[in-house]
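A.B. asks: Could you work out the structure for the sequence below:
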Amino acid sequence: MNGRPSMELNDAEQQHEAALLASESPVAAAIRKDNSLRLKLDHTRAAREAFLRGEHLNSTPHAAAEKLIGNHANHVPAMKSEHKAENGNGTAKETFKEKLQEKIQERNSKLKKEGTNGDSAAATPAPAMTTANTVRLIEGYVGFANLPDQVYRKAVKRGFEFSLMVVGESGLGKSTFINSLFLTDIYNEKNPGPSLRVKKTLKVETTSSLLVEKGVNLKLTIVDTPGFGDFVDNTNCWQPIIDCIEQRYNEYLNEESKVSRKTIPDYRIHCCLYFIAPTGHGLKPLDVEFMKKLHDKVNIIPVIAKADTMTPEEIREFKRTILNEIRQNKIQIYEFPDCDDEEENKVNKQLKEKVPFAIVGSNCIMEVNGKQVRGRQYPWGVVDIENMQHCDFLALRTMLIRRHMHDLKDVTHNVHYENFRYRKLLASVSSDKGKTAPNNEAGSSERPISIDFGDRNPLQQLQEEREEHERRLKKMEQEMEQVFEMKVKEKELKLRESEQDLEKRRLALMSTLDQQEKETEEKRKQFEDEKRVWEEQQDELRRRSLETQDKKKEKKKLF
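C.D. replies: Got it, this is the predicted structure:
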């Protein structure tokens, strides 16, 4: 700044000062520190007094402060030069201490005199102060740097909650995967998995467990649907799951609406793992419909089950097919968050390339090359589920638990739950408006309370949105009717074609039957002719045998 006395030192002075600091006594060091702190305090006090007197309008606070401590700043090089001369001549350090104390006393007396004048000047009314968003680095220790530790201790004391839903057909290894994911037997003989239960219904079942790892408590809730997709008619088989998710949202909303909201248990579904059968031919219609119904209500992560039944090339092709179908059907799966850290973004990119995750689960622990691993034994070798070259199990656990569990909860609260809350409040406002409308028509003095958020009335805005929603529904209904008519025509065409085909087959069978009847009749006639000839031959033989017998009898009579 212009007019500010320079406090900088050249290289030689800095080196000499470093040597002096290394050789000075503790008393001299304390005096030097006190001198430095007082200099900074005087600078700050002078800037404040200049600001209160209004001198900041014409000059900077530093320039006003220099008027007060400029003389002291000019004394600093002189003090250093005296110290150098005394040290060079071999004088004792006590002389330097005495002179330094004298300088400090002179400066303090001068500051007292100028401070009284400053106090009288500060009695004048001060102008309005404006705050500036400036970043100030604190040299000392205040203590608010321990706030993360306080949050950590409070969070560990309170514990954590996480609700995980697993959906898929029976026999895809969901129970085995859950046990492998958390390295514990959540499903066991007392609590068997969905595929091992005798009775399978579309009722949603919940299993809660308290897991402890290094003093951190996790209340884990597993939600499964035994019997999903196992029936002949799977129409609306996803409705119990939707009802379960919305019921949990509604319970959380009711808890938020209460007067006492100290501790609200969070039983909302934070993540849904959808297991896809390893067919290699893409998604089934049931898979597409399920994800389309639930993608705006919960975080969906698609998973390819039993990936050890496919080759790596088949898995890569199957993943591309699934992602293409997801994009074509406009299904929104869980998106990884963007981070400022390049390393974090790099890891997220690697994890995103694994979606949908091709996994293998196992409850068996075996020894491979002297190491205990979870895997599956085959005649050709062992599948290590935690080996990234064998499957994506480790990548899924890293994403789900170690990196993005809290983000899944944030997305559930800030996106899916807020959408449900908005729809719920919108429906309640619409119903309240319908109830108050007859009273207003009858001349009642009661009017619905409305808050003006701007030029537009919120009720009017809600009404417009409702009308727009009804228009979209009508449009969708028309499109569905057109699709239905098209499908009916296609079905009728197929039925006519099948009818014609059946008629052709009937005619062909009739002609074959007639031909067989003719052949049978010809064979019958041939058989009758052969029978008649045979009978005639038999009669002739009998006649000849009788004649022979008669001749023999006559010969006997003659002799």
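A.B. asks: Which residue ranges of the stretch 151-300 of the chain form strands?
C.D. replies: Along the stretch 151-300 of the chain, the segments classed as strands by DSSP state E, counting those that start in this stretch run 160-167, 205-213, 216-224, 271-276, 300-304.
A.B. asks: quick one: the first one to strand 271-276, angle?
C.D. replies: Counting by axes from the mean of the first three to the mean of the last three CA atoms, to 10 degrees, strand 160-167 lies at 20 degrees to strand 271-276.
A.B. asks: Show me what strand 160-167 is packed up against.
C.D. replies: Counting contacts by 3 or more CB pairs under 8 Å, 6 or more residues apart in numbering; DSSP states H and E, strand 160-167 packs against helix 174-182, strand 216-224, helix 239-256, strand 271-276. (Glycine included, C-beta is placed from N, CA and C.)
A.B. asks: repeat that with 6 Å
C.D. replies: Contact partners of strand 160-167 among helices and strands, from 3 or more CB pairs under 6 Å, 6 or more residues apart in numbering; DSSP states H and E: strand 216-224, strand 271-276.
A.B. asks: Among the strands of the stretch 151-300 of the chain, which comes closest to Val259?
C.D. replies: Minimum separation from Val259 across the strands of the stretch 151-300 of the chain (CB to CB) falls at strand 160-167, 22.7 Å.
A.B. asks: Who does that closest one pair with, and is each partner parallel or antiparallel?
C.D. replies: strand 216-224 (parallel), strand 271-276 (parallel) (DSSP bridges).
A.B. asks: thinking again about what came up before, turn the strands of the stretch 151-300 of the chain into a markdown table, including mean pLDDT and mean neighbour count.
C.D. replies: Output for the strands of the stretch 151-300 of the chain, formatted as a markdown table (pLDDT from 0 to 100; neighbours: other CB atoms under 10 Å):
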| stretch | mean pLDDT | mean neighbour count |
| --- | --- | --- |
| strand 160-167 | 92 | 21 |
| strand 205-213 | 89 | 12 |
| strand 216-224 | 91 | 18 |
| strand 271-276 | 93 | 22 |
| strand 300-304 | 94 | 23 |
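A.B. asks: Serialize these to a markdown table and add fields for distance to Ile401.
C.D. replies: Shown next, in a markdown table, are the strands of the stretch 151-300 of the chain (distance: least, CB to CB, whole Å):
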| stretch | distance to Ile401 |
| --- | --- |
| strand 160-167 | 8 |
| strand 205-213 | 10 |
| strand 216-224 | 9 |
| strand 271-276 | 10 |
| strand 300-304 | 12 |
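A.B. asks: and Lys553, that one's in a strand?
C.D. replies: No - counting by DSSP: H, G, I helix; E, B strand; the rest coil, Lys553 is located in no strand; its state is helix.
A.B. asks: so which of the strands paired with strand 160-167 gets nearest Asp407?
C.D. replies: strand 271-276 (10.3 Å).
A.B. asks: any residues touching the closest one, and which ones?
C.D. replies: 164-168, 172, 174, 298-305, 408 (CB atoms under 6 Å, 6 or more residues apart in numbering).
A.B. asks: what's the angle between it and strand 300-304?
C.D. replies: Counting by the same axes, to 10 degrees, strand 271-276 lies at 30 degrees to strand 300-304.
A.B. asks: Just the angle for strand 271-276 relative to helix 174-182, thanks.
C.D. replies: Going by the same axes, to 10 degrees, strand 271-276 is angled at 130 degrees with respect to helix 174-182.
A.B. asks: what residue ranges in the stretch 451-559 of the chain score low on pLDDT?
C.D. replies: 451-458, 559 (pLDDT under 70).
A.B. asks: need the helices for it, in chain order.
C.D. replies: 458-558 (DSSP state H, counting those that start in this stretch).
A.B. asks: what about Arg376, is that helix, strand or coil?
C.D. replies: Applying three-state DSSP: Arg376 is strand.
A.B. asks: Make 629 the first number, not 1, from now on.
C.D. replies: Shifting the count to begin at 629 puts that one at Arg1004.
A.B. asks: Grab the nearest non-local neighbour of it.
C.D. replies: In this structure, Arg1004 finds its nearest non-sequential neighbour in Val1011, 4.6 Å apart by CB to CB, 6 or more residues apart in numbering.
A.B. asks: got the CA coordinates for the strand or helix carrying Pro776 in CSV?
C.D. replies: Using DSSP states H and E, the element containing Pro776 is helix 775-786. The C-alpha coordinates for helix 775-786 follow below in CSV (Å, rounded to 0.1, in the frame of the first residue of the first chain):
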residue,chain,number,x,y,z
LEU,A,775,-16.7,-29.9,15.6
PRO,A,776,-16.2,-32.9,13.3
ASP,A,777,-15.1,-34.9,16.4
GLN,A,778,-18.2,-33.8,18.3
VAL,A,779,-20.5,-34.8,15.4
TYR,A,780,-18.6,-38.2,15.1
ARG,A,781,-19.1,-39.0,18.8
LYS,A,782,-22.7,-38.0,18.7
ALA,A,783,-23.4,-40.1,15.6
VAL,A,784,-21.6,-43.1,17.0
LYS,A,785,-23.5,-42.8,20.3
ARG,A,786,-26.8,-42.6,18.4
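A.B. asks: As a markdown table, the helices and strands packed on strand 788-795 with distance to Gln978 would be great.
C.D. replies: What follows is these, written out as a markdown table (distance: least, CB to CB, whole Å):
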| stretch | distance to Gln978 |
| --- | --- |
| strand 844-852 | 25 |
| strand 899-904 | 20 |
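A.B. asks: so which of these gets nearest Leu1121?
C.D. replies: Set against Leu1121 and scored by CB to CB, those come closest in strand 899-904, at 33.2 Å.
A.B. asks: what angle sits between the closest one and helix 867-884?
C.D. replies: Computed by the same axes, to 10 degrees, the angle between strand 899-904 and helix 867-884 is 170 degrees.
A.B. asks: thinking again about what came up before, how about the strands paired with strand 788-795, which one is nearest Asn991?
C.D. replies: Using CB to CB, the nearest of those to Asn991 is strand 844-852, at 15.5 Å.
A.B. asks: Can you pull out the residues in contact with the closest one?
C.D. replies: 784, 787-794, 806, 822, 833-839.
A.B. asks: counting contacts, what elements does the helix or strand Leu979 falls within pack onto?
C.D. replies: Secondary structure assignment for Leu979, by DSSP H and E: helix 970-980. Using 3+ CB pairs under 6 Å, 6+ apart, no helix or strand is in contact with helix 970-980.
A.B. asks: Give me the residues contacting it.
C.D. replies: 964, 967, 1023, 1027.
A.B. asks: So, low pLDDT: which residues of the stretch 779-928 of the chain?
C.D. replies: 816-830.
A.B. asks: hang on, the earlier thing: next, give me the two most distant ones among the contacts of strand 899-904.
C.D. replies: Leu800 and Leu1036 (21.9 Å).
A.B. asks: The closest residue to Ile892 other than its chain neighbours: neighbouring residues, count only.
C.D. replies: Excluding the flanking residues, the one nearest Ile892 by CB to CB, 6+ apart is Glu883, at 4.6 Å. When counting by other CB atoms under 10 Å, one arrives at 15 neighbours for Glu883.
A.B. asks: Same check on Val916?
C.D. replies: If we define neighbours as other CB under 10 Å, then Val916 has 16 of them.
A.B. asks: gap between it and Asn1047?
C.D. replies: Using CB to CB, to the nearest Å, Val916 is found at 21 Å from Asn1047.
A.B. asks: same deal with Gly1003?
C.D. replies: According to CB to CB, Gly1003 and Asn1047 sit 42 Å apart.
A.B. asks: Looking at those two, which has the bigger crowd around it?
C.D. replies: Neighbour tally, Gly1003 and Asn1047, criterion other CB under 10 Å: the higher count belongs to Gly1003, 22 against 13.
A.B. asks: was I right about the more buried one contacting Asn1015?
C.D. replies: No - between Gly1003 and Asn1015 there is no contact under CB atoms under 6 Å: 8.3 Å.
A.B. asks: Just to be sure, Glu942 is in a helix?
C.D. replies: Yes - with three-state DSSP as the criterion, Glu942 is assigned to a helix.
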